[in-house]
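>>> A predicted structure for the sequence below; I have some questions about it.
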Amino acid sequence: MRIALITENFLPKLDGVTRTLAMLLEHLERRGHAALVLGPDGAPRRYAGARVVSVPGLPLPFYPELRALFPAPRFEKHVARFRPDVIHVVEPMLLGAAGIAWGQRLGVPVVSSYHTNLAAYCHYFRLGVLAPTMWAYRRFLHNQCVTTLCPSPSTARELRRQGFTRVGLWPRGVDAALFSPARRSQSWRTEIAGDPSRPIALYVGRLSHEKNLNTLAQAWRQRTRKDAHLVLVGDGPARADLERLLPRESATFTGYLRGEDLARAYASADLFAFPSLTETFGQVAQEAMASGLPVLGFDADGVRDLVRPAETGLLAPLGDGATFTRLLNELLALPDERMRLGTHARALAESRTWESVLDGLLEGYAQALEGRPAELAA
């Protein structure tokens, strides 16, 4: 097959979406399929054998790591010359909307994928009045596609409730060889916490207010194990506020990590603290589970599909910061319970391979070619 990926978010930016797209392109190359990518300026010119066409744009004022890309007519010519069998629009906004129109004009089936709950983000950026408009615009775009693929059953239910039609599943796999308890490092623990016997909690992800990180900071300030250490991997606009809230002696900010450095950080911690209420999946939580960590989070969309309470982690009721703090203190105080939960988390994550997930997506593309919605794409 020949797949045109049209995305407004791509490398070198690091997040769950860009890592998923990188894995997809690598899988397409291994399976002998051809791919073309239209993405933002600054992306590599080629990736995994696929040509990458850069599209100019401007940073979004409330989310500068994302850009509004301008779909000039010349970009349609790139797609037409590639002669795709399927067009996959990733999180369509402006460029993705043009990709849908191009597919209609070229007579090529268009599959969309839904990754980020931008309507929920509106509330965190004090733009809650725009949330209904955001839902309406995204519903309009996605309902023109053969299928909208989303990463978790809870997100699928919410999209159907919002009037999205032809919703299918495209979950996420995890590299259980890279993210493994075998990468645990006592020297890393000593460097981070001074004493490697001190419990270490870890957060990985964008340091931004829509990730509900103030709740984590407040819970950490109320912890009962004062010798415990918190590590935050990532960067973003909330970092300065978090550094003011979290004393330097009890928290370390590493910036972004990748590859083996990221895997070492996961494996060398003792628990994964994930306070986000706006996830559609939560790939970092799955990577933590593969690394043998119990996950502490909220019973929110995406996360509730990954974590089995009292088996692979603990979930506080939605928005209940007091319970989140209590559960954090329980995990910090009970190393045997952390070990039990982490062992089960690793076993569950090992069954979620990228190969099976991405082969399922290829099956979804094949169904789109036949004009059938990929209700169970993976």
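Alright, I've got the coordinates.

>>> Double-check that residue 87 belongs to a helix.
No: per DSSP: H, G, I helix; E, B strand; the rest coil, residue 87 lies outside any helix segment and is strand.

>>> I'd like to know how many residues surround residue 296.
Applying other C-beta atoms under 10 Å, we find 27 residues neighbouring residue 296. Placement of C-beta: from N, CA and C, glycine included.

>>> wait, residue 342
Neighbours of residue 342 using other C-beta under 10 Å come to 24.

>>> cool, residue 18 as well?
Neighbour count of residue 18, defined by other C-beta under 10 Å: 18.

>>> ok so it is a helix residue?
Yes: assessed with three-state DSSP, residue 18 lies in a helix.

>>> distance of it from residue 344?
29 Å (C-beta to C-beta, to the nearest Å).

>>> immediately after the worst-scoring helix or strand of the chain on mean pLDDT, which helix or strand?
The helix or strand of the chain with the poorest confidence is strand 63-69; it has a mean of 75 (mean pLDDT, DSSP states H and E). Tracing the chain C-terminally past strand 63-69 and defining elements by DSSP states H and E, one meets helix 73-82 next.

>>> same question for that next one, mean pLDDT?
What helix 73-82 shows for mean pLDDT is 96.

>>> try stretch 112-129
The model assigns stretch 112-129 a mean pLDDT of 83.

>>> what comes up buried for it?
Buried residues in stretch 112-129, counting neighbours by 16 or more other C-beta atoms under 10 Å, are found at 112-122, 124-125.

>>> how about JSON lines for those, with secondary structure added?
Formatted as JSON lines, these follow (three-state DSSP):
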{"residue": "112", "secondary structure": "strand"}
{"residue": "113", "secondary structure": "strand"}
{"residue": "114", "secondary structure": "coil"}
{"residue": "115", "secondary structure": "coil"}
{"residue": "116", "secondary structure": "coil"}
{"residue": "117", "secondary structure": "coil"}
{"residue": "118", "secondary structure": "helix"}
{"residue": "119", "secondary structure": "helix"}
{"residue": "120", "secondary structure": "helix"}
{"residue": "121", "secondary structure": "helix"}
{"residue": "122", "secondary structure": "helix"}
{"residue": "124", "secondary structure": "helix"}
{"residue": "125", "secondary structure": "coil"}
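
>>> Reformat the residues you listed as TSV; add distance to residue 31.
Output for the buried residues of stretch 112-129, formatted as TSV (distance: C-beta to C-beta, whole Å):
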residue	distance to residue 31
112	21
113	18
114	24
115	22
116	27
117	31
118	31
119	35
120	35
121	34
122	38
124	39
125	40
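
>>> Return the member of the residues you listed nearest to residue 221.
residue 124 (21.0 Å; C-beta to C-beta).

>>> hang on, the closest one packs against residue 276?
No: with contact defined as C-beta atoms under 8 Å, residue 124 does not reach residue 276; the gap is 10.5 Å.

>>> Where does pLDDT dip in the stretch 1-150 of the chain?
Where the stretch 1-150 of the chain drops to pLDDT under 70, the residues are 61-65.

>>> And the strands in it?
For the stretch 1-150 of the chain, applying DSSP state E, counting those that start in this stretch gives strands covering 2-7, 34-40, 46-47, 50-55, 57-60, 63-69, 86-90, 110-113, 147-150.

>>> for the stretch 201-350 of the chain, same thing?
Listed in chain order, the strands of the stretch 201-350 of the chain (DSSP E, counting those that start in this stretch) span 229-233, 251-255, 271-274, 295-298, 313-316.

>>> Those strands: which one's closest to residue 13?
Taking C-beta to C-beta, strand 251-255 is the member of the strands of the stretch 201-350 of the chain nearest to residue 13, at 14.0 Å.

>>> Check which residues of stretch 206-218 are buried.
206-213, 215-217.

>>> Likewise for stretch 312-328?
312-316, 321, 323-325, 327-328.

>>> same thing with stretch 88-104?
88-93, 95-100, 102-103.

>>> and these as TSV, adding distance to residue 197?
Output for these, formatted as TSV (distance: C-beta to C-beta, whole Å):
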residue	distance to residue 197
88	48
89	50
90	44
91	43
92	50
93	48
95	51
96	50
97	54
98	56
99	53
100	55
102	58
103	57
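
>>> from these, which single one is nearest residue 222?
residue 91 (36.3 Å).

>>> Which of the buried residues of stretch 206-218 sits closest to residue 33?
Nearest to residue 33 among those is residue 206, at 30.7 Å by C-beta to C-beta.

>>> pretty sure the closest one contacts residue 15?
Yes: with contact defined as C-beta under 8 Å, residue 206 counts as touching residue 15 (6.4 Å).

>>> element containing the residue nearest to residue 286 when sequence neighbours are not counted?
Spatial nearest neighbour of residue 286, excluding adjacent residues (C-beta to C-beta, 6 or more residues apart in numbering): residue 174 at 4.8 Å. Using DSSP H and E, residue 174 sits in no helix or strand.

>>> OK, contacts around residue 174?
283, 286-287, 289-290, 349, 352-354 (C-beta atoms under 8 Å, 6 or more residues apart in numbering).
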